[in-house]
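J.: okay, here's the prediction I keep looking at, along with the sequence it came from:
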Amino acid sequence: MGSASVAQNLVPGRNCGHSVDSLPSVAEPLAICQRPILASLRMHRAEQVRQILSTRSLSLYRVSRQSAEIFGRSSRFFIPHNLYCDLGDPSSIPAIHQILALSHITNYRIEDWLAVFGLNLDLIPRLRLLAPARRTVLLDSSVYDTHAWIPWFADRSLAGTPPPIAPLRQLLAQAAPRRAMDILALGGRRFLYGKVGAEDVYALPHFAPGSIVRVDVARSEEPLSGAKAGRERRFFLVEHNFGWTCSQLVVLARDRVVLHSQQYPFWSESELKLGKEARILGAVDAEIRPIADLACVRSPTPLAALSMPQPLREPAQSSDLKALLRGSRMRVGLSFREASSVSRSIANQLADPFFFAAASTLSDYETLSSPPRHIQKAITLCVLYGIDFRQFLRTAGVPLDQAGRDPIPDELIGRQPAGGNQDFRAANEQKSIEEPGSLLGSVIEQWEEVPLFLRTSLPEITGLRNFSLSDVFWVGGNRAPLHPWLIHATFVTVNRRIKRPASFATRDAREQPLYLILKRDGGYLCGRCTVHQGNLVVPTYPGGPPAPRLLKNGIDAEIVGQVTTIVRRFPASG
């Protein structure tokens, strides 16, 4: 795979061809995730396992004997006494049943044991996010390592209220890192997340292909709360036999709705019976929208619409792995050949051939009830088909209720905050994670949840390879936005290397990029702009604030960069 083709796929929605034959490179993030283990411990994997067992006063001989006593010597959970010899091969990883036995006997979390053997489960949501998607798909928003250290921030001292638009670094400063579980605890409830498919005719053009949408499950009954039928202007995530879609709804009765497309209202209308042919999962209340390459967006084909609704598939039984795999594959709309092609790309980028699954192998998995021998293939299946890894293990017969509950000590797994100073870490763990009334606290209160599962995907989401806090701008105080996409927006990311706007004559209004503009008085504007006779022309939109604005380029104002991503909410009262 050439570097150019990889770069095209780095940002959701940028792959104009919507190919499933390529996947962005994750080798560098993988190295970053594994580097603490390799660099801080600098030990043979067998020695690392030996030290972890010693914290429980265990030897490998005792672990092997206990596994035979608890699970049986002939079972898949049995741990051989010569495991250290097997670990001499870096590519040798115990089977998932053996890792469960290690977790059970040591009472250490199975996620931590997988990390010891080089498998970071927090890469699953990232790989799923980056995989090309024709259909709208659900994202795995799990944070598997809840004890991981996350970089955190604190408010800077400001005189007065924050400006309407400002660099985020001007408002926030680096603070002590925090545990992932502490940040997750800030949210009072959890949301679903989806990635809008390039052929979701009901979501486009309100959302962009590759947009990450957040779904409030508490509002799943909202369209049916009124007694009279009518069109619901909001968008809802609807599950149907073919997968998921983000759509406006026309409510016909308490149990009947019509999926409505803004762009193709005549041939795309599909009537569905709730409970039998569809279910409403919740209201879309937020979006992370990539907007850098809008000219690349293609209109969906009529085949993308639901022309023949079918009964909903019942969730697979907990013991039926083949039904889970087949049903999940059908919902994401992948053939065996397409899924195999994506798995090859995953294997190539992670430099591990065990992540590859041939089309025939994928077919076999849907006829056999036993899980793959190699854990890498199980992870690949979860990435390809959008399956929660824990759900996969339960369905495969792995008794997760017998897994350990304690985290492996940080120093034995390479889980260290930046700096690694133990006293500094312990002292800061006692401090409040958010200050009441602060900008950071108010943002968390409004959003209700920090989507930590996206933390390793920010360069790809924003389209900025060397993404940093300096690329993020606060726009949450802007009460007169110059573009409808900026209404209720909280943050934008900016590519500061692009300072020359495209000509309006080459694109229609939907394809014109947005720019951040710094005025001479220190304030900012955000919207469309072009250069005409040495002036920056900043137009508005129909119904927006008065415009156009005319500023002398380089004197009255200058372009900071092009907006690549918008983070915005859709308030319930809006």
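T.: Here it is on my side, so go on. Numbers count the residues shown, from 1 in each chain.

J.: what ranges do the strands span in the stretch 201-350 of the chain?
T.: Taking DSSP state E, counting those that start in this stretch as the test, the strands found in the stretch 201-350 of the chain are 212-216, 230-240, 243-253, 256-260, 270-273, 278-290.

J.: go on, the stretch 451-574 of the chain?
T.: Taking DSSP E, counting those that start in this stretch, the strands of the stretch 451-574 of the chain run over residues 472-474, 489-495, 515-519, 524-527, 530-532, 535-538, 549-552, 557-569.

J.: over to the stretch 1-150 of the chain?
T.: For the stretch 1-150 of the chain, the strands defined by DSSP E, counting those that start in this stretch occupy 137-138, 149-155.

J.: make TSV out of the strands of the stretch 451-574 of the chain and add mean neighbour count and mean pLDDT.
T.: To be clear about C-beta, it is placed using only N, CA and C from the backbone, and glycine gets the same treatment. Output for the strands of the stretch 451-574 of the chain, formatted as TSV (neighbours: other C-beta atoms under 10 Å; pLDDT from 0 to 100):
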stretch	mean neighbour count	mean pLDDT
strand 472-474	23	97
strand 489-495	22	96
strand 515-519	20	94
strand 524-527	23	93
strand 530-532	14	86
strand 535-538	20	88
strand 549-552	16	85
strand 557-569	21	95
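
J.: looking at these, which is closest to S75?
T.: For S75, the closest of the strands of the stretch 451-574 of the chain is strand 557-569, at 48.7 Å, according to C-beta to C-beta.

J.: now do that closest one: which elements does it pack against?
T.: If contacts are counted by 3 or more C-beta pairs under 8 Å, 6 or more residues apart in numbering; DSSP states H and E, strand 557-569 sits against strand 278-290, helix 458-462, strand 489-495, strand 515-519, strand 524-527.

J.: who does the last one pair up with?
T.: So the one you mean is strand 524-527. Within its sheet, strand 524-527 is paired with strand 515-519 (antiparallel), according to DSSP bridges.

J.: what does the strand it pairs with contact?
T.: By C-beta atoms under 8 Å, 6 or more residues apart in numbering, the residues outside strand 515-519 that reach it are 165, 473, 492, 494, 501, 524-529, 536, 538, 551, 556-563.

J.: check what pLDDT the nearest residue to Y365 once chain neighbours are set aside gets.
T.: The shortest distance from Y365 to any non-neighbouring residue, by C-beta to C-beta, 6 or more residues apart in numbering, is to L325 (5.4 Å). As predicted, L325 sits at a pLDDT of 93.

J.: ok, the closest residue to I408 other than its chain neighbours - how many residues close by?
T.: Of all residues not flanking I408 in the chain, D112 sits nearest, at 4.1 Å (C-beta to C-beta, 6+ apart). Counted with other C-beta atoms under 10 Å, the neighbours of D112 add up to 24.

J.: which residues does D112 contact?
T.: 145, 407-408, 413.

J.: which two among these are spaced furthest apart?
T.: Greatest spatial distance among the contacts of D112 (C-beta to C-beta): D145 and I408, at 10.4 Å.

J.: need the overlap of contacts for these two.
T.: Any residue near both D145 and I408 by C-beta under 8 Å, 6+ apart counts here, and that gives 112, 115, 415.

J.: nearest to V63, of those?
T.: Of all those, V63 sits closest to D112, with 15.7 Å by C-beta to C-beta.

J.: tell me the pLDDT of that closest one.
T.: 96.

J.: any idea how far it is from G275?
T.: D112 is 41 Å from G275, where distance means C-beta to C-beta, to the nearest Å.

J.: so what's the residue count around S142?
T.: Residues near S142, counting by other C-beta under 10 Å: 17.

J.: same question for F117.
T.: F117 has 17 nearby residues by other C-beta under 10 Å.

J.: against V238, how distant is G282?
T.: For G282, the distance to V238 - C-beta to C-beta - is 10 Å.

J.: who has more neighbours, the two?
T.: V238 (26 against 19).

J.: doesn't W244 make contact with that one?
T.: Yes - between V238 and W244 there is a contact at 6.8 Å, judged by C-beta atoms under 8 Å.

J.: who touches both of those two?
T.: L281.

J.: can you tell me the centre-most residue of this structure?
T.: When C-alpha atoms, centre = their mean is applied to the chain, the residue found nearest the centroid is L454 (4.5 Å).

J.: so what's that one up against?
T.: L454 touches 125, 129, 212, 288, 461, counting by C-beta under 8 Å, 6+ apart.

J.: let's see that with 7 Å instead.
T.: L454 makes contact with I461 under the criterion C-beta atoms under 7 Å, 6 or more residues apart in numbering.

J.: what do you get for D140?
T.: D140 makes contacts with 124-125, 128, 386, 388, as judged by C-beta under 7 Å, 6+ apart.

J.: one step back: nearest to R329, of the shared contacts of D145 and I408?
T.: Among the shared contacts of D145 and I408, and counting by C-beta to C-beta, the member closest to R329 is A115, at 27.7 Å.

J.: so that closest one sits against I413, correct?
T.: Yes - between A115 and I413 there is a contact under C-beta atoms under 7 Å: 5.9 Å.

J.: what's the burial count for P417?
T.: 21.

J.: what does A359 give?
T.: A359: 15 surrounding residues under other C-beta under 10 Å.
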